[in-house]
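**Student:** got a sequence here, can you build the structure:
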Amino acid sequence: MRKVLIIGIGAGDPDYLTVQAIEALNQADVFFIPDKGAEKAALRELREEICARFIRRPGYRFVSIEVPVRGKSDDYKADVAAWHAAIEARYTALLESELADGETGAFLVWGDPALYDSTLRIIQEIDAKAPFPFDYRVIPGITSVQALAAQHRIALNRIGEPVHVTTGRKLGEALPDGTDTVVVMLDGEQAFKRLVGRDLEIYWGAYLGTQEEILVSGPLDDVAGEIDRLRREARDKNGWIMDTYLLRGPKTR
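**Tutor:** Residues are numbered from 1 along each chain as shown. A predicted model of the protein is given here:
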């Protein structure tokens with residue numbers, strides 16, 4: 001039977017890998033590496049660096065996966081469903097052609113496979129439909145949320161208070177009722193700018209755990225412009241950006 005490992009490799013620093021993740025790396029024969037073009041070549045290179053650093057046995061190999069581009073229409077969920085279906089078809093074909101019976105394949109996932117990443121969902125769909133049997137296992141990783149809090153030296157939650165995790169698309173013009181701390185991921189539109197004037201603090205980080213890491217914190221009203229500028233400059237320089245931020249309201253007690 002084929003085996004598949006979905007390995008969380010942390011937010012960017014190879015030192016974020018857990019012992020469990022390192023042991024999983026050493027079980028894999030084939031690593032399926034997404035190819036998202038020249039702009040994101042650094043992400044592929046970091047995956048290869050992780051393998052070179054932690055794998056103790058020779059003989060493993062890489063298989064490149066050309067990732068289709070997601071369509072953009074007024075129906076976001078339909079676009080994502082079509083995109084995932086296209087990825088699923090490619091993964092299925094490669095698992096069948098590149099992974100022999102008895103071999104173990106691995107997908108190296110940024111952060112943790114269970115938080116705002118679709119690899120696990122797609123593998124679950126393949127498992128339900130594939131014409132060949134396989135088993136899969138998930139190895140957790142350190143998320144960008146954890147890395148953000150650590151780099152800013154803050155606790156995610158206030159005592160006895162909840163934390164809301166969402167995306168830029170879902171961030172409204174105020175924090176959710178009953179929540180004074182919101183973590184925002186996947187915000188390509190810098191939705192935090194809509195909240196200027198709401199007496200909020202922001203803790204922002206880009207390229208967390210890498211040599212390109214950028215950190216900014218302070219009153220949102222004071223630093224929103226700086227974050228906007230730094231984000232645009234970094235994206236122009238690197239061709240891509242991954243950032244996460246925490247918004248926090250004023251203390252009520």
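**Student:** could you report the distance from residue 126 to residue 89?
**Tutor:** Distance of residue 126 to residue 89, given as CB to CB, to the nearest Å: 9 Å. No exception for glycine: its C-beta is placed from N, CA and C like everyone else's.
**Student:** between those two, which is the more surrounded one?
**Tutor:** More crowded of residue 126 and residue 89, by other CB atoms under 10 Å: residue 126, with 20 against 13.
**Student:** secondary structure class for that one?
**Tutor:** Following DSSP: H, G, I helix; E, B strand; the rest coil, the label given to residue 126 is helix.
**Student:** who touches the nearest residue to it once chain neighbours are set aside in this structure?
**Tutor:** Counting by CB to CB, 6 or more residues apart in numbering, residue 126 lies nearest to residue 92, which is 5.3 Å off, once chain neighbours are set aside. Shown in contact with residue 92 (CB atoms under 8 Å, 6 or more residues apart in numbering): 126, 129-130.
**Student:** now do the same contact list for the residue nearest the centre of the chain.
**Tutor:** By CA atoms, centre = their mean, the chain has its centre lying nearest to residue 110, at 4.5 Å. By CB under 8 Å, 6+ apart, the contact set of residue 110 is 8-12, 43, 117, 141, 144, 242.
**Student:** please pick the buried ones from the residues you listed.
**Tutor:** Neighbour-count burial (16 or more other CB atoms under 10 Å) applied to the contacts of residue 110 gives 8-12, 43, 117, 141, 144, 242.
**Student:** can I get the residues you listed in JSON lines including secondary structure, distance to residue 83 and pLDDT?
**Tutor:** Shown next, in JSON lines, are those (DSSP: H, G, I helix; E, B strand; the rest coil; distance: CB to CB, whole Å; pLDDT from 0 to 100):
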{"residue": "8", "secondary structure": "strand", "distance to residue 83": "22", "pLDDT": "97"}
{"residue": "9", "secondary structure": "coil", "distance to residue 83": "22", "pLDDT": "96"}
{"residue": "10", "secondary structure": "strand", "distance to residue 83": "25", "pLDDT": "94"}
{"residue": "11", "secondary structure": "coil", "distance to residue 83": "23", "pLDDT": "92"}
{"residue": "12", "secondary structure": "coil", "distance to residue 83": "24", "pLDDT": "87"}
{"residue": "43", "secondary structure": "helix", "distance to residue 83": "18", "pLDDT": "79"}
{"residue": "117", "secondary structure": "coil", "distance to residue 83": "14", "pLDDT": "93"}
{"residue": "141", "secondary structure": "coil", "distance to residue 83": "23", "pLDDT": "97"}
{"residue": "144", "secondary structure": "helix", "distance to residue 83": "22", "pLDDT": "96"}
{"residue": "242", "secondary structure": "coil", "distance to residue 83": "18", "pLDDT": "91"}
